[in-house]
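Colleague: Would you be able to build a 3D model of this:
(one chain, ligands or ions: 1)
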Amino acid sequence: MLDILEKQKKYFLTDQTKDYAFRKKQLLILKDAISAYEDKMIDALYKDLHKSEIEAYTTEIGFVYKSINMAIKKLKKWMKVSKVKTPLFMFGSKSYKVYEPLGNVLIIGPYNYPFQLVIEPLIGAISAGNTAVIKPSEYTVNTEKVILDMFNEYFDESYIKVVTGDKNVTSELLDLKFDHIFFTGSTEVGKIVYQKASKHLIPVTLELGGKSPTIVLKDADLKLTARRIIFGKLLNAGQTCIAPDYIYIDESVHDEFIEYLKKEIETQYPTANHLGHIVNERHHQRLKGLVNQSKVVFEYEKKDEGYYLSPIIMTDVTWDDQVMKEEIFGPILPIIKFKDAHKVIELLKTKEKPLALYLFTEDKKMMKEVFTKLSFGNGAINEALMQVANPHLPFGGVGHSGMARYHGVYSFIAFSHLKTFTKKTTFFDVKLAYPPYDKGKEKIIRKILKP
Ligand code: NAD
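Modeller: Now for the predicted structure:
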């Protein structure tokens, strides 16, 4: 493991990765590589997670093509040295800032979008001029293999290297002195990453999870709300970090809303063909353990097909139910009734800060209340999930749902150090700040730096 990093350190010191033309070329190579491996990737994602072709293309492959195209288009601008203002008392000086690469970075991915969630940060790492070691999730073995083959064929390991293996391998990588660690995964493992990184003072980006709330007020367009929530919840069988985890619904429209949710599931997933599967036996069992059958109001017939799990709606849920004790990360939708939305907001203030928060209403006052009182990574009004597709919005969590952000220019920034420098004229020198000091100098200084 150490020898790979040593190779990459040596390569970085040649300064080749810093060049604009080099970075652009690597982004183009990455796009070619993905194009060449597209079919294999779609096949692997089907085998690992039963992702339909369109879902695999949209959320994993097309998603990163768009990001690569944006990086290629904007790279020159992002890399530019930019001038900033200089105060008058520094007369004769000019000030600048520029993003420089951090060096050798490590990218660790989760299983739910096993391709996109290592490639998307990699686009930032390449754009910013770094070398990278990629550690894809070991749970999605077919995708892991295609990623490995693709990088072995298209990139030299002294520049980009894929390392495969279980958590012990990840742990070994985390002992090395990288210049940045970009981790996407659970909050629990995020804490291990943070702890390990602290040993060498390595900066980290932690893209973590948690329970993302959805609040539906009584004035919401219930039919449309149900459609958008079901889409957001059932994409990838609920294994999406920003999926609506649970729903708070005004009790006066509860029964009507449940009927819309049921109809939507039947409309969007009339058969199990397009529904993703749970990644493995452990998570399949874990999810089944979260279901309290006495509260289930919707469930398709059980099927013995891979790790298929039916979409499930549970009502009359409380925070004492098992399903509310952890991030669900599956197709189970718990519904909690409320009488007073203000009380819901006060309660959510006491919970860990989520990655996403969704509010369905036309009430502007309530929008303001929710969005000023509650903290979260990314929110949406009358929408679920699609906010992630806007590359102009930084994406990341807060508190337990993570730290730092990426996507679009923020990916470039995530893998850069913002370096500054000041350039001073030698034609003259204002001696005001130099000793020896006297009353006259003091008077001028006090005037400039007055309270
Ligand atoms: P995970 O934390 O179990 O695993 C992620 C990576 O960590 C894997 O590559 C694994 O090798 C490594 N790992 C696991 N245990 C380790 C240990 N003890 N020491 C060192 N490394 C270890 O996450 P997962 O189950 O693959 O993914 C699901 C989680 O990821 C959910 O919580 C979800 O919300 C979160 N997630 C977050 C985002 C985001 O963008 N914020 C995106 C996708 C998933």
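Colleague: who in the chain is up against the ligand?
Modeller: Within the chain, the residues that sit near the ligand (C-beta under 6 Å from any ligand atom) are 108-112, 117, 135, 137-138, 167, 170-171, 184-186, 189, 192, 207-209, 241, 327, 329, 355, 397, 402. C-betas here are computed from N, CA, C, even on glycine.
Colleague: Where does the closest residue to Met386 other than its chain neighbours sit: helix, strand or coil?
Modeller: Excluding the flanking residues, the one nearest Met386 by C-beta to C-beta, 6 or more residues apart in numbering is Ala380, at 7.3 Å. Assigned by DSSP: H, G, I helix; E, B strand; the rest coil, the conformation of Ala380 is strand.
Colleague: for Ala380, what are its contacts?
Modeller: Ala356, Leu357, Tyr358, Leu359, Met386, Gln387 (C-beta atoms under 8 Å, 6 or more residues apart in numbering).
Colleague: got the contact list for the residue in the chain positioned nearest to the ligand?
Modeller: Checking the chain residue by residue against the ligand with C-beta to the nearest ligand atom singles out Gly209 as nearest, at 2.0 Å. Gly209 makes contact with Gly185, Ser186, Thr187, Cys241, Glu327, Phe329, Leu355, Ser401 under the criterion C-beta under 8 Å, 6+ apart.
Colleague: Model confidence for the first one, exactly?
Modeller: Gly185 is assigned a pLDDT of 98 by the prediction.
Colleague: I'd like the distance between it and Glu207.
Modeller: Using C-beta to C-beta, to the nearest Å, we find Gly185 at a distance of 8 Å from Glu207.
Colleague: and the two? which has more neighbours close in?
Modeller: The residue with more neighbours, out of Gly185 and Glu207, is Glu207; 27 against 23, by other C-beta atoms under 10 Å.
Colleague: what's the nearest residue to Val81 if we skip its chain neighbours?
Modeller: The spatially closest residue to Val81, leaving aside those adjacent along the chain, is Val98, at 4.4 Å (C-beta to C-beta, 6+ apart).
Colleague: ok, now Asp429?
Modeller: Counting by C-beta to C-beta, 6+ apart, Asp429 lies nearest to Gly92, which is 7.6 Å off, once chain neighbours are set aside.
Colleague: That neighbour: what's it in contact with?
Modeller: Lys424, Thr425, Phe427, Phe428, Asp429, Val430.
Colleague: which of those residues are buried?
Modeller: When burial is judged by neighbour count using 16 or more other C-beta atoms under 10 Å, no member of the contacts of Gly92 is buried.
Colleague: Show me which pair in those is furthest apart.
Modeller: Of all pairs drawn from these, the greatest distance, 11.4 Å, lies between Phe427 and Val430 (C-beta to C-beta).
Colleague: picking up where we left off before, same list (the contacts of Ala380) but as a markdown table, adding secondary structure and neighbour count.
Modeller: As requested, the contacts of Ala380 are arranged in a markdown table below (DSSP: H, G, I helix; E, B strand; the rest coil; neighbours: other C-beta atoms under 10 Å):
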| residue | secondary structure | neighbour count |
| --- | --- | --- |
| Ala356 | strand | 28 |
| Leu357 | strand | 23 |
| Tyr358 | strand | 30 |
| Leu359 | strand | 24 |
| Met386 | helix | 12 |
| Gln387 | helix | 17 |
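Colleague: want to throw those residues into TSV with pLDDT and distance to Arg282?
Modeller: Formatted as TSV, the entries for the contacts of Ala380 read as follows, by pLDDT from 0 to 100; distance: C-beta to C-beta, whole Å:
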residue	pLDDT	distance to Arg282
Ala356	98	25
Leu357	98	29
Tyr358	98	28
Leu359	98	34
Met386	95	30
Gln387	95	30
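Colleague: where along the stretch 201-350 of the chain do the helices fall?
Modeller: With DSSP state H, counting those that start in this stretch applied, the stretch 201-350 of the chain shows helices at 222-234, 254-268, 281-290, 341-349, listed in chain order.
Colleague: Quick check: next helix or strand after the helix or strand containing Ser35?
Modeller: With secondary structure defined by DSSP states H and E, Ser35 is part of helix 20-49. For helix 20-49, the succeeding helix or strand toward the C-terminus, using DSSP H and E, is helix 53-56.
Colleague: elements contacting that following helix?
Modeller: Using 3 or more C-beta pairs under 8 Å, 6 or more residues apart in numbering; DSSP states H and E as the contact criterion, the secondary-structure elements in contact with helix 53-56 are helix 20-49.
Colleague: any idea of the mean pLDDT for the helix it packs on?
Modeller: When pLDDT is averaged over helix 20-49, the result is 98.
Colleague: Counting neighbours, which bits of it end up buried?
Modeller: Within helix 20-49, the residues that qualify as buried by neighbour count (16+ other C-beta under 10 Å) are 23-24, 26-27, 30-31, 33-34, 37-38, 41-42, 44-46, 48-49.
Colleague: and what of stretch 88-102?
Modeller: For stretch 88-102, the buried set under the neighbour-count rule, 16+ other C-beta under 10 Å, comprises Ser95, Tyr99, Pro101, Leu102.
Colleague: so how far is that stretch from its chain's centroid?
Modeller: If you compare the mean C-alpha spot of stretch 88-102 with that of the full chain, they lie 32 Å apart, counting by C-alpha atoms, centre = their mean, to the nearest Å.
Colleague: Now for Tyr11, how many residues are close by?
Modeller: For Tyr11, which is what you asked about, the neighbour count (other C-beta under 10 Å) is 17.
Colleague: mind checking how far the helix holding Ser35 is from the chain centre?
Modeller: 19 Å.
Colleague: Thr225 and Gln387, how far apart?
Modeller: For Thr225, the distance to Gln387 - C-beta to C-beta - is 16 Å.
Colleague: Quick one: neighbours of the residue nearest to Ile332 when sequence neighbours are not counted, just the number.
Modeller: Ranked by C-beta to C-beta, 6+ apart and with sequence neighbours excluded, the top spatial neighbour of Ile332 is Ile312, at 4.7 Å. Number of residues near Ile312 (other C-beta under 10 Å) recorded here: 25.
Colleague: Am I right that Ile312 is in contact with Val291?
Modeller: Yes: here Ile312 lies in contact with Val291, judged by C-beta atoms under 8 Å, at a distance of 6.0 Å.
Colleague: Now for the two: what residues contact both?
Modeller: In contact with both Ile312 and Val291: Ile332, using C-beta under 8 Å, 6+ apart.
Colleague: Strand partners (parallel or antiparallel) of the strand or helix carrying the residue nearest to Val81?
Modeller: Secondary-structure assignment from DSSP H and E places Val98 in strand 93-101. Strand 93-101 has its sheet partners listed here by DSSP bridges as strand 82-84 (antiparallel), strand 416-424 (antiparallel).
Colleague: Appreciated, that's everything.
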